[in-house]
Every structure is written in C-alpha cells, then in structure tokens.
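> Generate coordinates for the sequence data below:
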Amino acid sequence: MRDLTDFQQKLRDLLPETELRFWENLSGHTSFRIGGPAEVMAFPKTREELANILKVSALLDCKPAILGAGTNVLAPDEGLPGLTICLKDCLFGMERLDETCIRLMAGVTMARGAVFAAKAGLGGMEFAHGIPGTIGGGVYMNAGAYGGDLSQIVESVEVMDRMGKIRTLSHEKMQFSYRHSVLEDTGDIVLSVVLRLEPRSTEEIQADMKALIAKRSASQPLDLPSAGSAFKRPLGGYAAALIDAAGLKGFRVGNAAISQKHAGFAVNLGGATAQDVKELLTQVSDRVYENSGIRLEPEVRIW
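Got it, this is the predicted structure:
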C-alpha cells in the first residue's frame, strides 16, 4: 500500500466525515474509460458537505477539478495531482414548481430529468433523453442534440462558488452560447436548475423521445466507450460530414479510432490511452482542414 502524501493526510484530517479515495483511477469515472489515478477523490453527498470541501480546498490553496458523470471528459493517463470532487452521486431531487416549471438538482441525469418532465406533461426536454451525463454538467456546457439545447429551456441556475457561497443566476446571466456557459469562465458549480417547459400530452412526448432514442441507437456507436461528439459543430458544416468527406471513418491511432458507424465519434477500441485520443483528434482536425479549409475544435473536455 502506498504511503499517504502530505496532501492526502491533510484532507483526511480536515474532512473526517467525507468519503475520500486515494489514487482512484479516473478511468472508472469517465465514459471513455481512460485516465490514471487521482491523488484524492472526494464524494460529497450534500451541498453542505460540498461547501465544506471547497472551503478546505481554499484553505490548502488547492483548486479542485470538478467531475460529474464524466461523459464529456478525457482524463490524463498520468492521473491528477491534488483533489478531484466527484458529484455523480450528489445532489439528487426533482420537483414541479408550477404549471410550466420544474426544478432538477445537478446530480439528476439528463435522461431521468426528461422522463420526469414527460410524466408531468411538460414538453421541451425531449432532446435530452438520450444525452448521457448529469443536469449539472449539461448546464455547464449547454448540452444539446437534435436541434435542442438547455439554453432554450433554462429559467435560472443555482450555483456555488469556490468558497462555498450560493447564488442564483438568471438565464441572461448564464451567457449561453453553443456548448458554452459563463460557468466555464467563473468555475462556479451547478447545484440545481429551474427549467421552463410547455404543457403537452405525455403520450406525444414519450413517442418523440422513443423516436429520438431509436435514431440515436441506429446511428451512434453506443457499444463502445466514447465521450459523445468528438468535435464541435463548425460554421459552414457538420463535423461528421467533414470527417467522412476526408475519408477518415475508421481512422485509428493506437486503440482510439473514428467510429465506422458515425464519423463524429472518437471511440476507445479497448485499452486506448488519453495520448491516443489526443493524437487522433489532432490528426483528424489537420486532415479535415487540409481537405475542406475548416478547422474542427474538440468538444471533448481534455483535462
């Protein structure tokens, strides 16, 4: 067994009630199934515990990495020093507020939130049913699919800053744009979100969600580890079409490859490293630029 580092020992002493894991492999917490050991991974169960962890981090002059369900993250092969806070099993809860609004806690999955809205007879969240990951992560990056995204339905977002203070941001203050929100600049953490939806027949909503799931299953490589769309949608085209036009379906670096089923996905064929994926994304971006004059940017968050 490895001896504890000074940092690990300090966190154990300062956070005796918090679940801490030492040298926890990030590969077990990311959909890519890639990533080395985190020096310390904390698993808060409440917002109060999260606030306490953040205050202790500030005391130790440590800026922790924040991990949700890890569905859009490429974690480094060498792992991460310092503290990683995993919120995947934290902050659950869903409630209907009035005729058109629901509140979802950050740890609720996008799929579960969409089902809750459907059962309440509220439409507008159908696009989210097949998106992996949590509401918190989705709001952070303004996740979307099939013409919809969270910016279209977010009314307000409750966030916690890195000192544990809580405030509420209006839709306007979230500064949503394509796969972006102001939280990427501030580093604030999503606690909950209020969504404004539209009354609609539950049966119609469920039929639309079923059709979208069938479309996703037919076109996407859901049987292999990935982080969803590998590249952002560029101006003047679609990443998958540009990659396909460059003849890169199936293109491989080590054990990472562009999916044969959907050119917009980078997949782990088994045992891929973060370096494999980064080199794959770089080479694909370069080849597409040579072929089309359009530069693709990763949508995957490279830690």
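
> State the distance from K165 to K63.
16 Å (CB to CB, to the nearest Å). Quick note: C-beta positions are derived from backbone N, CA and C, even for glycine.

> sorry, that was for E203
In this view, E203 and K63 are 47 Å apart by CB to CB.

> Walking through the stretch 201-303 of the chain, point out its helices one by one.
Shown for the stretch 201-303 of the chain, the helices assigned by DSSP state H, counting those that start in this stretch span residues 202-219, 239-245, 274-292.

> Please identify the deepest-packed of these.
Across those, averaging neighbours per residue (mean count of other CB atoms under 10 Å) puts helix 239-245 on top, at a mean of 20.

> which strands and helices sit next to it?
Judged by 3 or more CB pairs under 8 Å, 6 or more residues apart in numbering; DSSP states H and E, helix 239-245 is in contact with helix 274-292.

> which other helices and strands contact the helix it packs on?
Helix 274-292 packs on strand 73-74, helix 239-245, strand 252-253, strand 256-258, strand 265-268, going by 3+ CB pairs under 8 Å, 6+ apart.

> one more time with 6 Å
With contacts taken as 3 or more CB pairs under 6 Å, 6 or more residues apart in numbering; DSSP states H and E, helix 274-292 sits against helix 239-245, strand 252-253, strand 256-258.

> Now find how far off-centre the second one is within its chain.
Read that as strand 252-253. 24 Å (CA atoms, centre = their mean, to the nearest Å).

> do the same with the last one
Centroid separation for strand 256-258 versus its chain: 20 Å, with CA atoms, centre = their mean.

> what sits against F116?
Going by CB atoms under 6 Å, 6 or more residues apart in numbering, F116 touches M94.

> State the helix or strand in which it lies.
Taking DSSP states H and E as the definition, F116 sits inside helix 110-119.

> about what we covered before: adding mean pLDDT, write the helices and strands packed on helix 274-292 out as TSV.
What follows is the helices and strands packed on helix 274-292, written out as TSV (pLDDT from 0 to 100):
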stretch	mean pLDDT
helix 239-245	97
strand 252-253	98
strand 256-258	98
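
> and D77, which of these is closest to it?
Between D77 and the helices and strands packed on helix 274-292, the tightest spacing by CB to CB is seen for strand 256-258, at 12.0 Å.

> Now do the strands in the stretch 1-150 of the chain.
Under the criterion DSSP state E, counting those that start in this stretch, the stretch 1-150 of the chain contains strands at 19-25, 37-43, 65-67, 73-74, 80-86, 94-96, 101-105, 122-123, 144-145, 148-149.
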